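Q: structural data only, the sequence is not supplied:
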Ligand SMILES: Cc1cc2nc3c(=O)[nH]c(=O)nc-3n(C[C@H](O)[C@H](O)[C@H](O)COP(=O)(O)OP(=O)(O)OC[C@H]3O[C@@H](n4cnc5c(N)ncnc54)[C@H](O)[C@@H]3O)c2cc1C
């Protein structure tokens, strides 16, 4: 690699202009893989490589590690899963952490993890393309940022590890009348606390884990939350028989087929939280684990929102037909005034926009870790 670095024509290339007339600096040859993203998956990959003596370079678009957790999550967030399912390899959580660590505890754990393994991501580098150059047998990874917005930096390497997560881009629905609505419309990535919504009628769109938890947070701050539940959803208690529902399910799956575990989960849920359809939360035909396996849709682990729905503090509405200046018309024809709308409509990956696989002779394989999705080429 060192010999290549000295003799390779790439390294002697001068700054040139690309198709969009942006300047491309001298390519940087990287020994070992480039890891794109410094979330939990990227940090874990870099630490494991380092432990085997393999150097790597992490490129991160934001100016901090774990940007999803640091910049895009609400204050009251705790891990939804017990800590043993979310810790990174080679370094467990501190023993005094609670079973469900807070967001701040998780972030401090990740920061200590990065310090311990001396991981030093290059911040402010957004990968805009990663393409395999079959002529030279290298990956060309291009980034923008780093203080010069129009300058493109190019990195060359033999391996690329994609660790940009499933939550890179906010999904924003296109609802009729959105421009007419005069109150704020905020995605959950921009929601920190319900403090500024005190006394306000707030409509939360989307009933995944985030939507349900934001509703609960709004209750804490004396707002009047409503929840749009357009599709069917599985709501399960966070714990069953004194164990986490997730942990119990994983344990049962070692012995029983998915459908039997699903039946068990639904029976327990029925006994513990009753028939959720009575409150507007109808269950899908497939069981929770089968649904997750086939569609990727995660069941909601209830941490108290259901009680607020049962008590009437949180109102459940069907899908939205259109927005008006101060109100919302629902698909069943009802119209209700609202002061603000929070979109708990989730995220999607940004990988298809920059990972070019046309010239790639290497087959893409993927590995999933418990705390997210780690894909490697
Ligand atoms: C509200 C919420 C609660 C959650 N709770 C849990 C939980 O309890 N347990 C659990 O296991 N999971 C949970 N998750 C899922 C979460 O996705 C994972 O915890 C974890 O963050 C995934 O790690 P990751 O490294 O794969 O992706 P991310 O954490 O999303 O990290 C990806 C990194 O890549 C960077 N990046 C993205 N695009 C580019 C680019 N083009 N160039 C350079 N850098 C880029 C991003 O800035 C980011 O830092 C939760 C998610 C949310 C939104």
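A: Perfect, I can see it now. In this text the structure is predicted, and so the values were computed from the model without any measurement.
Q: tell me the spacing between residue 160 and residue 283.
A: Distance of residue 160 to residue 283, computed by Cβ to Cβ, to the nearest Å: 41 Å. In short, each C-beta sits where N, CA and C put it, glycine included.
Q: who has more neighbours, the two?
A: Set residue 160 next to residue 283 and count neighbours by other Cβ atoms under 10 Å: residue 160 wins out with 26 against 19.
Q: so who does the residue of the stretch 1-150 of the chain found nearest the ligand touch?
A: Nearest to the ligand in the stretch 1-150 of the chain, going by Cβ to the nearest ligand atom, is residue 39, at a distance of 2.0 Å. Contacts of residue 39 were listed using Cβ atoms under 8 Å, 6 or more residues apart in numbering, and they are 65, 66, 67, 68, 69, 163, 164, 165, 372.
Q: and if we set it to 10 Å?
A: Counting by Cβ atoms under 10 Å, 6 or more residues apart in numbering, residue 39 makes contact with 60, 62, 65-70, 110, 163-165, 167-168, 371-372, 374.
Q: same question, residue 254
A: Contacts of residue 254 (Cβ under 10 Å, 6+ apart): residue 261.
Q: what does residue 354 give?
A: Contacts for residue 354 (Cβ under 10 Å, 6+ apart) come out as 36, 126, 127, 128, 129, 130, 131, 141, 142, 143, 162, 164.
Q: nearest spatial neighbour of it, chain-adjacent residues omitted?
A: Distances taken as Cβ to Cβ, 6 or more residues apart in numbering place residue 129 nearest to residue 354, at 5.1 Å, with adjacent residues excluded.
Q: cool, and residue 137?
A: residue 158 (7.7 Å).
Q: neighbours around that neighbour, how many?
A: Around residue 158 there are 17 residues (other Cβ under 10 Å).
Q: that one against residue 56, yeah?
A: No: using Cβ atoms under 10 Å, residue 158 is not in contact with residue 56, being 11.2 Å away.
Q: quick check: neighbours shared by these two?
A: Residues touching both residue 158 and residue 56 (Cβ under 10 Å, 6+ apart) are 30, 31, 32, 33, 34.
Q: show me how to select, in ChimeraX, the buried members of those.
A: Buried members of the shared contacts of residue 158 and residue 56, defined by 16 or more other Cβ atoms under 10 Å, are picked up in ChimeraX with:
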select :30,32,33,34
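Q: count the residues that sit near whichever residue of the stretch 101-250 of the chain sits closest to the ligand.
A: The minimum distance from the stretch 101-250 of the chain to the ligand, using Cβ to the nearest ligand atom, falls at residue 165 (2.4 Å). Neighbour count for residue 165, taken as other Cβ under 10 Å: 23.
Q: please list the residues of this protein that sit near the ligand.
A: Selection of the chain residues close to the ligand by Cβ under 6 Å from any ligand atom yields 36-42, 59-62, 66-68, 73, 77, 79-81, 86, 126-127, 163-168, 210, 350, 354, 370-373.
Q: pull out the buried residues from those.
A: Among the residues of the chain next to the ligand, those classed as buried by 16+ other Cβ under 10 Å are 36-42, 59-62, 66-68, 73, 77, 79-81, 86, 126-127, 163-165, 167-168, 210, 350, 354, 371-373.
Q: tell me if I'm right that residue 35 and residue 43 touch.
A: Yes: at 8.6 Å, residue 35 counts as touching residue 43 under the criterion of Cβ under 10 Å.
Q: residues shared between the contacts of these two?
A: Residues touching both residue 35 and residue 43 (Cβ under 10 Å, 6+ apart) are 58, 119, 121, 163.
Q: any figure for the gap between the last one and residue 276?
A: Just to be clear, that refers to residue 163. From residue 163 to residue 276 the distance is 36 Å (Cβ to Cβ).
Q: now the first one
A: Residue 58 sits 42 Å away from residue 276 when distances are taken as Cβ to Cβ.
Q: do the third one as well
A: Residue 121 is 42 Å from residue 276, where distance means Cβ to Cβ.
Q: next: residue 306.
A: 7 Å.
Q: also residue 234?
A: The value you get for residue 234 to residue 276, if Cβ to Cβ is used, is 8 Å.
Q: what touches both of the two?
A: Taking Cβ under 10 Å, 6+ apart as the criterion, residue 234 and residue 276 both touch 269, 282, 283, 300.
Q: how many residues are close by the residue nearest to the last one when sequence neighbours are not counted?
A: Translated: residue 300. Excluding the flanking residues, the one nearest residue 300 by Cβ to Cβ, 6+ apart is residue 235, at 4.7 Å. Residue 235 has 20 neighbouring residues, counting by other Cβ under 10 Å.
Q: apart from its neighbours in sequence, what residue is nearest residue 197?
A: That would be residue 223: by Cβ to Cβ, 6+ apart, it lies 4.1 Å from residue 197.
Q: and residue 246, by the same measure?
A: residue 81 (5.1 Å).
Q: which of the contacts of residue 354 fall in strands?
A: 36, 126, 127, 128, 129, 130, 131, 141, 142, 143, 162 (DSSP state E).
Q: list the buried residues for stretch 346-362?
A: Buried, per 16+ other Cβ under 10 Å, within stretch 346-362: 346, 347, 349, 350, 351, 354, 355, 360.
Q: among these, which lie within strands?
A: Those of those lying in strands (DSSP E): 347, 355.
Q: nearest to residue 202, of the buried residues of stretch 346-362?
A: Comparing those against residue 202 with Cβ to Cβ places residue 346 closest, at 18.2 Å.
Q: contacts only, for the closest one.
A: Contacts for residue 346 (Cβ under 10 Å, 6+ apart) come out as 166-167, 169-173, 187-189, 206, 208-211, 298.
Q: strands - which of these land there?
A: Among these, the residues falling in strands (DSSP E) are 169, 170, 187.
Q: what residue spans form the domains of this protein?
A: For the chain, the TED database gives the domain ranges 28-168+349-356, 170-347.
Q: can you tell me how far residue 242 is from residue 127?
A: Per Cβ to Cβ, residue 242 is found 45 Å from residue 127.
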